[in-house]
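>>> Mind folding the following:
(one chain, ligands or ions: 1)
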Amino acid sequence: MSKKVVIIGGEGNGGVVASCIEDNRNRFGDTEWEVIGFINDFETEVDGYPVIGKLADIPKLLAETDYYFSWAIHLVGRSVKTMEMFNEVNIPDERLATIIHKSAFIGSKTEIGPGCMVMAGSYVGPLTKLGKCTFIMANCSIGHNVTTGPLCHCSVGTIMTGYSSLGVCADMAIGAACLAYVKVGDYAMVGARALATKDVPEKEIHVGTPAKLLKRVRED
Ligand SMILES: CC(C)(COP(=O)(O)OP(=O)(O)OC[C@H]1O[C@@H](n2cnc3c(N)ncnc32)[C@H](O)[C@@H]1OP(=O)(O)O)[C@@H](O)C(=O)NCCC(=O)NCCS
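Below you'll find the predicted structure:
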């Protein structure tokens, strides 16, 4: 029997997770997960799925012991707020759904934290550790021995070279890349198409090639 997953988010990231689950079911016969609905404070329906509650309803839904949760809220340039919202809902690790598209490659001795999501066509190399609820979007290349903190977000086409790392709730935008051993700090972001050749200090947003400071993340 499929495990029931409630997706927390909207039609962007949330819709991506839902369609990954549907594709795993329909094309690959993997029925591990079944989408029950969404948690969303603003909509009544997302991508044809019902919204079954708001963020404030999560404690009530946690009482349904057969429900699992997928965290798909990602506020661009506002990682501090994203982490604050995640901490408020306080979902135990064992109730987080880990969802991996059947076309993704996961290396040997790779550790995938609870609640992680790896989308179609992505490569996650050996000895890499993905922190809790890290979201790897489609067609990313996450090299070997890479480490990510919890709630990191790698948008479509991210490249993390071997031994690079992402701090807590750090963010790689579309097509962003990190050279080997580069550390992206807590709540920091490498902007769209940027190449980080040096460490990115916490809460800073760097863009360009080589990536340079653009501004700091919003903290509200
Ligand atoms: C980092 C980012 C948020 C900055 O965007 P922004 O807040 O709109 O940027 P600003 O308005 O502060 O732009 C300031 C300047 O930087 C430039 N700039 C912004 N992003 C840039 C980038 N990635 N590379 C080079 N220059 C960039 C702007 O053109 C602007 O230049 P100007 O002053 O000469 O006009 C954006 O580049 C980005 O990466 N967005 C995320 C995209 C993404 O991955 N979405 C998730 C999909 S799942």
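>>> okay, and the helix or strand of this protein with the least pLDDT?
Taking mean pLDDT, DSSP states H and E as the measure, the helix or strand of the chain with the lowest value is helix 58-62, at a mean of 94.
>>> ok now that one, how far from the chain's centre?
Here helix 58-62 is found 21 Å from its chain centre; the criterion is C-alpha atoms, centre = their mean, to the nearest Å.
>>> which helices and strands sit right next to it?
strand 49-53, strand 67-71 (3 or more C-beta pairs under 8 Å, 6 or more residues apart in numbering; DSSP states H and E). In short, each C-beta sits where N, CA and C put it, glycine included.
>>> what is the mean pLDDT for the last one?
Model confidence over strand 67-71 averages 97 on the pLDDT scale.
>>> same deal with stretch 33-53?
Taken as a whole, stretch 33-53 has an average pLDDT of 97.
>>> neighbouring contacts of it?
Under the contact criterion C-beta atoms under 8 Å, 6 or more residues apart in numbering, stretch 33-53 has outside partners 2-11, 14-15, 18-19, 21-22, 24-25, 54-55, 57-58, 60-61, 67-69, 97, 99.
>>> Which ones among these map onto strands?
Assignment to strands by DSSP state E places the following of the contacts of stretch 33-53 there: 3, 4, 5, 6, 7, 8, 67, 68, 69, 99.
>>> Format those residues as CSV; extra columns: neighbour count and distance to residue 192.
Supplementary listing: the ones in strands among the contacts of stretch 33-53 in CSV, determined by neighbours: other C-beta atoms under 10 Å; distance: C-beta to C-beta, whole Å:
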residue, neighbour count, distance to residue 192
3, 13, 35
4, 16, 35
5, 22, 29
6, 25, 30
7, 29, 25
8, 24, 25
67, 18, 35
68, 21, 32
69, 22, 29
99, 23, 25
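>>> I'd like to know which of those is nearest to residue 191.
The shortest approach to residue 191 among those belongs to residue 8, at 25.5 Å (C-beta to C-beta).
>>> Compare the helices and strands packed on helix 58-62 and give me the one nearest the ligand.
Proximity to the ligand (C-beta to the nearest ligand atom) singles out strand 67-71 among the helices and strands packed on helix 58-62, at 14.5 Å.
>>> Helix or strand next in line after that closest one, which one?
Toward the C-terminus, strand 67-71 is succeeded by helix 79-89 as the next helix or strand (DSSP states H and E).
>>> how far off strand 67-71 does that following helix point, in degrees?
Compare the direction of helix 79-89 with that of strand 67-71 by axes from the mean of the first three to the mean of the last three C-alpha atoms, to 10 degrees and you get 170 degrees.
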